[in-house]
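K.L.:
Got a predicted structure here, sequence first:
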Amino acid sequence: MTYYLLHAGQPSARRLLKRVPILKPYVSSSNIGSGDVVIRYGGSPEADPHQGTVFNPQNAIQRTASRGAMARFLRRIGVRVWTKDRGQSEDARLLRQYRIPMFDLTPLTCFRCDGNQVWINQRIQRVQDSFREVPLDDDRVTVRAVRLASRVLHALGLDHGMVSIGMAQQGVLYVLDVTASPVLHGRMLDLYARAVEDFMAREDRVAETGTSAFLLGADMELMLRNPVGKMVLASNYFGRKGRVGCDDRSLQFDGQRLPLMELRPEPDASPLGLMANLRDTMMEATRKIDRAQVEWRAGSMPFKRYCTGGHIHFSSVPFSSRFVKVLDNYLGLPLMMVEDPRTARLRRPRYGFLGDVRHKDYGGFEYRTPGSFIVSPDITVAAFCLAYVVAVHHRELPIVDLYDERLQFAFFNGGHEILKPIVERNFEALSGLTAYERYKNYIDPLFEMIRQGQTWDESVDIRTLWGIPLHGQRKSSVRRVQRRAARARA
């Protein structure tokens, strides 16, 4: 495996090549093998090679070429971008700025400056001397800024670069600029060089040893509904902690009334093991909810303004930008295709955007793009099995550029017809993989739903589909509820 740097002669690129001798200057696509990696630094007229892995593909860099066009695109997917006229208002001035360099979709550090004036007539490519380095978790606003930087970089299809963010009054964050070629000298050169070296060492190690054992986990968000259609608070039955608990979101931000129930099954090395653990967790939950008439609702948005998600956790799988792109293509996209488009459009783009990931304290990360796919056991087991196949084979699977504006807007707006050919192409890429063959009987029904244009039903009590006993209700009543659910599915 050889690593190449493709650049346009920038001094920063030359300094990086000198600092990392194992990184080779890119000469021609004819030199690139299927296992090689090409890292683009900034714009270059040279086309992407047809083989190997490309960091910062050419079309992603082109999305940053015009700040105006980039700003319009980001606003359409729900990201605030600072404008020139906004800065002229005294009550809208920025109180803080961040410069967040990233490599392999991982923040390298965070530079912060308080009370700095914004000049957006020129592109932001360097970290000025007035900025100081702060921890990534320095305060809540900094944590939010780092997450926003990751979202924006990924939405543009980039793997590395620097995101500049400003904080206005009341902690509102705005994107100021994104560059795929930050100026590298001093501390920035040190950070980039170390990131490139760590990336190469990790990839070489995986190429030599293969995929090691890993764990799959999940947390599934649900909401409770009474017989007259009103919301029932999950905090009436559960605390925040435990295998069955409450999400932190509260009514009117009071921190007390918590509407979302969260199922947190034990992780497992097998997707079918995780499925069994989820069922056990559901049984635990139904024993604590002592009213059979309190329905469990899932999907994208069981109640207005309250979104629910299905988050899949990966432990002992090295995080990478490529892994997240493969998850978008082979997990997030097919699950989006079976969401109810009416509520899915309302959920996005604030929740469940492409590449919605969050790093966890145990060292792994969770993929948060899908809605709460616990709506059906068939869809749930397909999602777990797909997650497993993707984790095993993500270095082999080809990636479609879902970050193209047309495709990304289709993802947010439920453009199924536009995205169906990509889903079918991705299905063909999965077929024949070793891990896929083991679980194809669980995965294929999901793709058949997509071909038939079917979407999940968010109007049913999911316990009836899972065969979960309704605590406190007689068996005859349970059978009647299950028969009604069966008729609804037919």
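P.N.:
Perfect, I can see it now. Numbering: from 1, shown residues only.
K.L.:
Regarding stretch 104-112, how distant is the last residue from the first?
P.N.:
Distance across stretch 104-112, first residue to last, is 21 Å (Cα to Cα, to the nearest Å).
K.L.:
neighbouring contacts of that stretch?
P.N.:
By Cβ atoms under 8 Å, 6 or more residues apart in numbering, the list of residues contacting stretch 104-112 from outside reads 55, 96-102, 127, 131-136, 138, 142, 145-146, 149-150, 153-154, 159-160, 187, 191-192, 195, 199, 319-321, 324, 355. All C-beta spots, glycine's among them, are computed from the backbone N, C-alpha and C.
K.L.:
go on, stretch 200-218?
P.N.:
Applying Cβ under 8 Å, 6+ apart, the contact partners of stretch 200-218 are 1, 3, 22-23, 35, 37, 263-271, 274, 278, 310-318, 364, 366, 384, 387-388, 391-392, 395.
K.L.:
Please spell out the PyMOL selection for the buried subset of those.
P.N.:
Selecting only the buried entries of those in PyMOL, with 16 or more other Cβ atoms under 10 Å as the criterion:
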select buried, resi 3+23+37+263+264+265+267+268+270+271+274+278+310+311+312+313+314+315+317+318+364+366+384+387+388+391+392+395
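K.L.:
Of the contacts of stretch 200-218, which belong to strands?
P.N.:
Counting by DSSP state E, those place Y3, V37, L263, G310, H311, I312, H313, F314, S315, E366 in strands.
K.L.:
Quick check: of those residues, which lies closest to Q454?
P.N.:
Comparing the ones in strands among the contacts of stretch 200-218 against Q454 with Cβ to Cβ places G310 closest, at 17.9 Å.
K.L.:
Surely that closest one and V375 touch.
P.N.:
No. Using Cβ atoms under 8 Å as the test, G310 is too far from V375 to be in contact (9.0 Å).
K.L.:
rewinding a little: quick one, which of the contacts of stretch 104-112 are buried?
P.N.:
If you count burial by 16+ other Cβ under 10 Å, the buried members of these come out as 55, 96-102, 127, 131, 142, 145-146, 149-150, 153-154, 159-160, 191-192, 195, 199, 319-321, 324, 355.
K.L.:
Just list whatever residues bridge to C110.
P.N.:
Counting by DSSP bridges, C110 is bridged to V134.
K.L.:
Does the helix or strand where A149 lies pack against any helices or strands, and if so which?
P.N.:
In this structure, A149 sits in helix 140-155 according to DSSP states H and E. Helices and strands touching helix 140-155, by 3 or more Cβ pairs under 8 Å, 6 or more residues apart in numbering; DSSP states H and E, are strand 96-103, strand 106-107, strand 110-114, strand 160-167, strand 173-179.
K.L.:
List the contacts of the residue nearest to the spatial centre of the chain.
P.N.:
Central residue of the chain (Cα atoms, centre = their mean): D356, 2.2 Å from the mean position. Contacts for D356 (Cβ under 8 Å, 6+ apart) come out as R151, Y367, R368, T369.
K.L.:
Could you give the bridge partners of the second one?
P.N.:
Which is Y367. Beta-bridge pairing of Y367 under DSSP bridges involves I312, V357.
K.L.:
thinking again about what came up before, now do the helix holding A149: everything it contacts.
P.N.:
With Cβ under 8 Å, 6+ apart as the test, helix 140-155 has contacts from 74, 77, 79, 96, 98, 100, 102, 105, 107, 110, 112, 134-137, 159-161, 163, 165, 167, 171, 173, 175, 178, 321, 324, 353-358, 403, 408.
K.L.:
let's go with 7 Å and repeat that
P.N.:
Helix 140-155 is contacted from outside by 74, 77, 79, 98, 100, 102, 105, 107, 110, 134, 136-137, 161, 163, 165, 167, 171, 173, 175, 178, 324, 353-355, 403, using Cβ atoms under 7 Å, 6 or more residues apart in numbering.
K.L.:
likewise stretch 221-230?
P.N.:
231-232, 234, 247, 259-263, 293-298, 302-303, 306, 308-309, 372, 374.
K.L.:
still on that earlier bit, can you tell me which of the contacts of helix 140-155 are buried?
P.N.:
74, 77, 79, 98, 100, 102, 105, 107, 110, 161, 163, 165, 167, 173, 175, 178, 324, 353-355, 403.
K.L.:
same for the helix or strand T281 falls within, what does it pack against?
P.N.:
Taking DSSP H and E as the definition, T281 sits inside helix 271-288. Counting contacts by 3 or more Cβ pairs under 7 Å, 6 or more residues apart in numbering; DSSP states H and E, helix 271-288 packs against strand 215-225, strand 244-246, strand 260-263, helix 377-393, helix 462-466.
K.L.:
Which one of those lies nearest to K288?
P.N.:
Of the helices and strands packed on helix 271-288, nearest to K288 by Cβ to Cβ is strand 244-246, at 6.7 Å.
K.L.:
other SSEs contacting the closest one?
P.N.:
Using 3+ Cβ pairs under 7 Å, 6+ apart: strand 244-246 touches strand 260-263, helix 271-288.
K.L.:
so how far does stretch 15-24 reach from one end to the other?
P.N.:
End-to-end distance of stretch 15-24 (Cα to Cα): 12 Å.
K.L.:
any chance you could map the helices in the stretch 1-150 of the chain?
P.N.:
Remark: helices assigned in the stretch 1-150 of the chain by DSSP state H, counting those that start in this stretch are 11-19, 58-62, 67-76, 140-155.
K.L.:
Quick check: which of these has the most neighbours on average?
P.N.:
helix 140-155 (a mean of 20; mean count of other Cβ atoms under 10 Å).
K.L.:
how much does that helix deviate in direction from strand 173-179?
P.N.:
Per axes from the mean of the first three to the mean of the last three Cα atoms, to 10 degrees, the angle that helix 140-155 makes with strand 173-179 is 40 degrees.
K.L.:
quick one, helix 140-155 and helix 67-76 angle?
P.N.:
110 degrees.
K.L.:
Dump helix 140-155 to CSV, restricted to CA.
P.N.:
In CSV, the C-alpha atoms belonging to helix 140-155 read as follows (Å, rounded to 0.1, in the frame of the first residue of the first chain):
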residue,chain,number,x,y,z
ARG,A,140,-20.7,23.2,25.7
VAL,A,141,-20.5,25.7,22.9
THR,A,142,-17.1,24.3,21.8
VAL,A,143,-18.5,20.8,21.8
ARG,A,144,-21.3,22.0,19.6
ALA,A,145,-18.9,23.8,17.3
VAL,A,146,-16.8,20.7,16.8
ARG,A,147,-19.9,18.6,16.0
LEU,A,148,-21.0,21.3,13.5
ALA,A,149,-17.6,21.2,11.9
SER,A,150,-17.8,17.5,11.4
ARG,A,151,-21.3,17.8,9.9
VAL,A,152,-20.3,20.5,7.5
LEU,A,153,-17.1,18.8,6.3
HIS,A,154,-19.0,15.6,5.7
ALA,A,155,-22.0,17.3,4.0
